[in-house]
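Trainee: build me a model:
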Amino acid sequence: MARPDEDRRSVYRSARIERVKGTHDILPPAAARQRGIEDRLLRLFSYYGYRQIAVPVLEHTDLYLRKAGEDTLSRLYSFTYQNRKLSLRPEMTASVVRACVDHLQTAPLPLRLCYSGPVFRYESPQHSRYRQFTQVGLELIGAAGPAADAEVIALALQGLAMLGIKSYRLVIGHIGILLSLLRSLGLDERLIALLAGNMERLAEQGRGPVQQRLAELFPLWAGDGESESTEESLALAALVQTLGEEKARTAVLELLEAMNVGLEGSRSQEEIVDRVLAKFGRTRQRPQIEQALSLMESLGQIKGTVDSALPAVQSLLSQYNVADTLLIRLRETLAALDSYGIPWERTGLDFGLSRGLQ
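Mentor: Numbers count the residues shown, from 1 in each chain. A predicted model of the protein is given here:
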């Protein structure tokens, strides 16, 4: 006769539900160790005036669509519930900034905030890389300049040292320099955001995948520039350009109506026409986009020691007639880090880093 506990085990085996792929269970005593690490880091940040904040795990997807790079968007856990597009947070910064806008606009600046909690990214499963993991971090809001940048970096490194991690190398990127170079080409902001979000993909996979992504998002744009449809698109874009904005809007609206394209739905007529005109504009920007990809390839190759990388970036900025204001600020940040006891020889630069998730 079977025992009750054996019956329970048999039922469990037959109805067993596996954990979600890419996640893992943290068992005793590892769970207690992880909680201890979080607590120690938060106490360190609190000692330097950072106050703890807790934000929701779930946010509106739009929060991440506005500023996130292409790489980030491809790793969102998103779904629609009752006609609302929601996402599990892939990082904490966006939620913290949203909470500040909602609740802390009248608080004295700067705001020093710290946090810990689970984040979710759709990663390719591999050893020690999971789709849910714990993030501990801090934000310094309302303080600008090299001193603020150096404070945050120095505190992060102090946290590593406190945990006994002493063999490290600090690698710094600068998204602002990339954005300044792209803006010098006269590209619109949506294109700039898309290109910046694909900086690391360009460095890792080459120009092809980025051109393919551009063609998917902007069907009037084609990377090779050789097809008949591309030439027709360029000619049509040039025609729209010569009409002027008001006449072009009228012509596009009449064309959509003549083609029986439905203008009902969630978007207004103005929004639909704006999107069509923007696509024509990006078709006209194809030469600048090709130039931007070449520029990004050159910038992405600049990495290594501070002494070797800074002159190379200075040369690239000069080539595109871009002011070196941000480069001067970066030099000042490095000098401030040196005052925290972080020498240049332990610091590297990589201008191929973008706004994506690391």
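Trainee: CA only for contacts and neighbour counts going forward, please
Mentor: OK.
Trainee: which parts of the stretch 251-358 of the chain are helices?
Mentor: 269-284, 286-300, 306-319, 325-339 (DSSP state H, counting those that start in this stretch).
Trainee: make CSV from the ones you listed and add distance to T93, mean neighbour count and mean pLDDT to it.
Mentor: Putting the helices of the stretch 251-358 of the chain into CSV (distance: least, Cα to Cα, whole Å; neighbours: other Cα atoms under 10 Å; pLDDT from 0 to 100) gives the following:
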stretch, distance to T93, mean neighbour count, mean pLDDT
helix 269-284, 30, 17, 61
helix 286-300, 25, 18, 91
helix 306-319, 28, 15, 96
helix 325-339, 21, 17, 94
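Trainee: between the ones you listed, which one is nearest to C114?
Mentor: Smallest distance to C114 across the helices of the stretch 251-358 of the chain (Cα to Cα): 20.6 Å, for helix 325-339.
Trainee: kindly indicate whether K21 is helix, strand or coil.
Mentor: Following DSSP: H, G, I helix; E, B strand; the rest coil, K21 is assigned to coil.
Trainee: quick one, what contacts it?
Mentor: Neighbour list for K21: P125 [criterion: Cα atoms under 8 Å, 6 or more residues apart in numbering].
Trainee: tell me the phi and psi of it?
Mentor: phi -60, psi 140 (degrees, to the nearest 10).
Trainee: distance of it from S46?
Mentor: Distance of K21 to S46, computed by Cα to Cα, to the nearest Å: 35 Å.
Trainee: now do L76 against H60, distance only.
Mentor: Distance from L76 to H60, counting by Cα to Cα: 12 Å.
Trainee: please enumerate the shared neighbours of these two.
Mentor: S87.
Trainee: circling back to that earlier point, make a markdown table from the helices of the stretch 251-358 of the chain and add distance to T106 to it.
Mentor: Output for the helices of the stretch 251-358 of the chain, formatted as a markdown table (distance: least, Cα to Cα, whole Å):
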| stretch | distance to T106 |
| --- | --- |
| helix 269-284 | 34 |
| helix 286-300 | 40 |
| helix 306-319 | 39 |
| helix 325-339 | 29 |
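Trainee: which stretch among these comes nearest E345?
Mentor: Nearest to E345, of all the helices of the stretch 251-358 of the chain, is helix 306-319, at 7.9 Å by Cα to Cα.
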